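Enquirer: this is the structure alone, sequence omitted:
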């Protein structure tokens, strides 16, 4: 998408719809461009006037005397396609369509016209329905934002224009600079994926921030982001996504579907992609400050320097809660600190240099800690006491940062008494936060990112053998022909069997007379289950009977018949499934899959049985999964402890579980028509796993 | 503690240790008092000078020509007792000891002297080792804080002085006012309990904030706070406590002890007391702003008004995550909003009045919503667009608040563009937050508090019968005589039996020959367990064998012997416990108790068995527990769902579980020497509960 250069580095720009009406969008943009410091040529197009902000106006694009690179379009929606085509004829390879009135109000066709024209002329098009684009490098404010941010390292991609203005305004107050700002609007042509690829190569950008409402094509996005966030020139991507609670509204027939919902999907996507998700604006700005102003920490050992005990302890809490450790003070530091500090100071970490500490004591302490290889990052806290020289302490901090280049976050807690000190720090590019706990959270995120960036995991692959895709294809084709979409237990088992999933021994019978032999066939101890298209959750109607032996088979069949008659009298009984009962120690897990339209297929693993709904101890991943992804998913489960063996129990067969998930991944790649799938329970024992029940829904 | 009036409303004050040295604590206090607006008489005591800040100095307290109410003492620690006694002779009924050098550096004896003198003369003593006291009502700054806060409704009790200054300074920036500020220091005499009782009656205080490092006497504190936080004149208490991660360091022999730790204890305490715990300073200030500036909401239905979609959705997320609901828009509001808003606006909640909204549109929308009985609170969001008239919108908001008195939180998102608007709002006593998500969190807390305050739960009591305290007393006395502190399974069961806990049938045997008959005695299906003082966790060494029948008893005993020989060869075997095996459906819970020194005894309930360590699904309560406390504890468990019956399973006997916890509460009240206790598992079935195993440790 090298055409994006025409957006960010245009030599000549046409503003089509430049308006004379103060306060209008067309006027704001014309003003931003003509009165700003951008050096490219600006051609204003407005048929009703000859001049605006000292620049001549042209009646239409065709009348512009030169070739143009970028067209900024602010005319009414219906005439945008026409104007875009005119701009194309003038050579435009970039377009920013500010105008609203497209897909967001149902005008999908009009938006499709823009796509077609953009494709025809190979135009990189931003919008429609957006705020515009800013590039601080060349002072380009091709937006109607009244705020032009300071130059800096952050590229911000926002799906909300209004949010964009607010963010730019707030960031300026914090002295936080941006390289580029892009309001993507409806994303008719250029979307996050294109911009991320472009920004990966952008030398002026070192941190990427996203405000997201909806994404598509998770697997591709994951691939791109994995590349951006790892390796030598890794750039962190920090995302905030609205609409978390949608998840609750997700209605679904399968357990997996009910537990999934779009928010779990986005969490899985961000996690797999190496994107750092923050959940509030406060957190976003904490992260941006800390990420922009610091090198990556070499490890997770933080030193806290404070002139007050309380905040030191609270910050310790937050550090530990977010995975940092308080650096142990080695002998060298101990000797030096004891020399520099008064006897009643605490040289243990958090290091309390006492309320009467002035800049000299801060400086000497910082020097000891910043200069030691056993400290990876610093958290500096100040509370204003009457003897505190905040301004000079700020200078001591700045000097330490310049000399030692160690990651550092500073919190001067207070109001008026610390304002000047904070301004000094911010102007010098020191990451500051109002309260130190906030710094701990963001520093932990930076440390985690550093770890992630340095250690791109090389995937071992599991080769999945014995997959009979022909057989599954036949089953689905036959079902398709019969208009059938749901495959309950017995049929789902047939499909899984074709992909060599480890299944319990089972046998279908039609009546009680066959039960005894069937129990013998499955090994002498079995489970009876009703087969009925009307019964979705068998155990809820007493449709599952355990501990059946050849001797009590007849009696148990009678019990099963009774239960169904009582609890689901209208259900049509198609037969009975007799399955092997596993008597060795094992724990019921659940595996599942759920397709999120437009985004991708999510695979779920978690604790099954009655605990599914109680603990929601499940983890999601976006298919296709690598082995590392699978291990990472299992690692997120609390029940991982059970796999490892808890309270004297033998460990369970983790390897078999991983293989089973990989097999599921393969099945879903081969058959994208699978919409929902539950394997529940999947019995995980000390030696292998076994599918005890399953259901599949196709499109 | 009416003597506290001498602290807060003194008519005459002696500053003992007023210093001429600029920047010293003794100088700061003298300056604060003599140059402030406080109207009481100030007597400075300093033998080395005649005059300071225009006031005469006296060589010692005795030389002060009048009776004094309050002595502020800043002399070196060793002479504080002498000076305090002198002040007492001058009539002082209040003392603030600023001086450090007492218990905090190990000088417990010196601190005890202060206690003795204070008791002897009935003096309310704050400190030692503190910042002092501020009362804005009478302009009293009896502290060395350089900041004198605005007058307001918040009383702030801080265990850290340094934290205090920072908080006062920051609050001033937010235009947040205080009634009283108390730095409690070492709490030799006056502690939080005394101050809370005093502030409960203080007319100028309507919100109480605590910064806590350590508390004592949880049951009494709970009683006081329950009264303060409920009823017609309920005052919210908001606490921040440092040292959360200490919990990890808590070493203990029992499961309960390991899971407890001081942070769980404090959580239980705050929860039972009705204290709102916040975990960061950011959250504390959000809460203070929202609580101070609003009446209590009548319900949890919030309306969000925004000029940008994105922040509206994000705020919705936070509202729902914290238990608020988005108020459904009734027909009356719908009609009015459709009339007031442009067609493309969204009148559904969150109400998006669009980016071009000016003050008139904000005002008309606010009027519709604030005036409707179906809206309980308002969250107003603004992002600055070029046409936004922030100042006038601020005025519209202020007018709405004044007219309708509805709880309201406002977020103008941005920097310079919104500064003036925000200042206007804050000056008018409107609760503002930087980002609307923060407002959602605090508004939810206010709503929850309103619910709590209005609905003090009247406790039903469970009468606990059949407790044979004489027998337990005998057992403990005998143990005491023998120097015995730990009671493993068999003995613990004897104790529980005396208090009529429902126990499984059990029998102790000495050898394999007795096993068969014992199994028959417990009902034909039993469990074999080793009894050994060296084996703490039996199942980890194979010391528990399930499914034992009279037929296989001999074989199973052999297996048990083999396991112990292999896994715990050095353990001394005292015998074997044969217990009944419960075959009906049930779930293993855990009950426990753990004493936190100085604080109280915590009772724990949660999911037992192998899931204890996996999910930590446990809840704590401070003993004595009321029935409501017990119900509330169970309600906090995720496994409550299992009790209620999940996935077609019958509900379990919740009533029996509650009764069992009440019984435990009684046992712990009767025998405070119990230090740790585990009942694990407690099998909860559809009909009753049964103790399967237990251990008790006494002091």
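Expert: Sure thing, it's come through. Please read all numbers here as calculations on a predicted model, not as lab measurements.

Enquirer: how near is the residue in the stretch 351-500 of chain A that chain B sits nearest to to residue A:384?
Expert: Of all residues in the stretch 351-500 of chain A, residue A:415 sits closest to chain B, at 3.0 Å by C-beta to the nearest C-beta. C-beta coordinates here come from the backbone N, C-alpha and C atoms, glycine included. Using C-beta to C-beta, to the nearest Å, one gets 9 Å for the distance from residue A:415 to residue A:384.

Enquirer: the two: who's more crowded?
Expert: Neighbour totals were compared for residue A:415 and residue A:384, and residue A:384 leads with 29 against 19 (other C-beta atoms under 10 Å in any protein chain shown).

Enquirer: need the pLDDT of residue A:257.
Expert: At residue A:257, the model reports a pLDDT of 60.

Enquirer: what of residue A:462?
Expert: Residue A:462 is given a pLDDT of 82.

Enquirer: how many neighbours does it have?
Expert: 17.

Enquirer: hmm, back to that, any common contacting residues for residue A:415 and residue A:384?
Expert: residue B:169 (C-beta atoms under 8 Å, 6 or more residues apart in numbering or on different chains).

Enquirer: for the residue nearest the centre of chain A, give its distance to residue A:180.
Expert: What sits nearest the mean C-alpha location of chain A, by C-alpha atoms, centre = their mean, is residue A:270, with 2.2 Å. As judged by C-beta to C-beta, residue A:270 and residue A:180 stand 21 Å apart.

Enquirer: on that earlier part again, so what's the residue of the stretch 351-500 of chain A closest to chain B up against?
Expert: Residues in contact with residue A:415 (C-beta under 8 Å, 6+ apart) are B:147, B:169, B:170, B:171, B:172, B:173, B:174.

Enquirer: which residues of the stretch 301-450 of chain A lie near chain B?
Expert: With C-beta under 8 Å from any C-beta of the partner chain as the criterion, the stretch 301-450 of chain A meets chain B at residues A:307-311, A:313-314, A:316-318, A:320-321, A:344, A:355, A:383-387, A:413-418, A:434-435, A:437-438.

Enquirer: filter these down to the ones in strands?
Expert: Of these, none are assigned to strands by DSSP state E.

Enquirer: hang on, the earlier thing: now do the residue of the stretch 351-500 of chain A closest to chain B, the pLDDT please.
Expert: On pLDDT, residue A:415 comes in at 94.

Enquirer: and residue A:588, what element?
Expert: Assessed by DSSP states H and E, residue A:588 sits inside strand A:586-596.

Enquirer: wait, does that strand contact chain B?
Expert: No. Using C-beta under 8 Å from any C-beta, strand A:586-596 never reaches chain B; the gap is at least 8.6 Å.

Enquirer: partner strands of that strand, with direction?
Expert: The strands that strand A:586-596 pairs with in its sheet are strand A:600-607 (antiparallel), strand A:674-685 (antiparallel) (by DSSP bridges).

Enquirer: return the members of the residues of the stretch 301-450 of chain A next to chain B classed as buried.
Expert: Among these, those classed as buried by 16 or more other C-beta atoms under 10 Å in any protein chain shown are A:307-311, A:313-314, A:316-318, A:320, A:355, A:383-387, A:413-415, A:417-418, A:434-435, A:437-438.

Enquirer: OK, contacts around residue A:396?
Expert: The contact partners of residue A:396, by C-beta under 8 Å, 6+ apart, come to A:359, A:360, A:362, A:363, A:366.

Enquirer: are any of these buried, and which?
Expert: Going by neighbour count (16+ other C-beta under 10 Å), the contacts of residue A:396 have A:359, A:362, A:363, A:366 buried.

Enquirer: average pLDDT across the one helix or strand residue A:211 maps to?
Expert: In the assignment (DSSP H and E), residue A:211 maps to strand A:207-212. Strand A:207-212 comes out with an average pLDDT of 96.

Enquirer: do it and chain B meet at all?
Expert: Yes. Using C-beta under 8 Å from any C-beta, strand A:207-212 reaches chain B at residue A:211.

Enquirer: tell me which other helices or strands the host helix or strand of residue A:365 touches.
Expert: Assigned by DSSP H and E, residue A:365 belongs to helix A:359-370. Judged by 3 or more C-beta pairs under 8 Å, 6 or more residues apart in numbering or on different chains; DSSP states H and E, helix A:359-370 is in contact with strand A:301-306, helix A:331-340, strand A:377-382, helix A:390-404.

Enquirer: these: which one's closest to residue A:237?
Expert: Closest approach to residue A:237 among these is made by strand A:377-382 (20.9 Å; C-beta to C-beta).

Enquirer: from the chain's centroid, how far away is that closest one?
Expert: Distance of strand A:377-382 from its chain centroid, counting by C-alpha atoms, centre = their mean, to the nearest Å, is 29 Å.

Enquirer: outside of it, which residues touch it?
Expert: The contact list for strand A:377-382, computed with C-beta under 8 Å, 6+ apart, reads A:294, A:297, A:301-308, A:311-312, A:315, A:319, A:324, A:362, A:366, A:369-370, A:388, A:390, A:393, A:397, A:400, A:406-413, A:418, A:421, A:436, A:439-440, A:443, A:446-447.

Enquirer: sheet-wise, list the partners of it with their directions.
Expert: When DSSP bridges is applied, strand A:377-382 pairs with strand A:301-306 (parallel), strand A:408-412 (parallel).

Enquirer: any idea which of those strands is most buried?
Expert: Mean neighbours per residue, mean count of other C-beta atoms under 10 Å in any protein chain shown, is largest over those for strand A:408-412, with a mean of 28.

Enquirer: and the angle from that one to helix A:390-404?
Expert: Angle of strand A:408-412 versus helix A:390-404, following axes from the mean of the first three to the mean of the last three C-alpha atoms, to 10 degrees, is 180 degrees.
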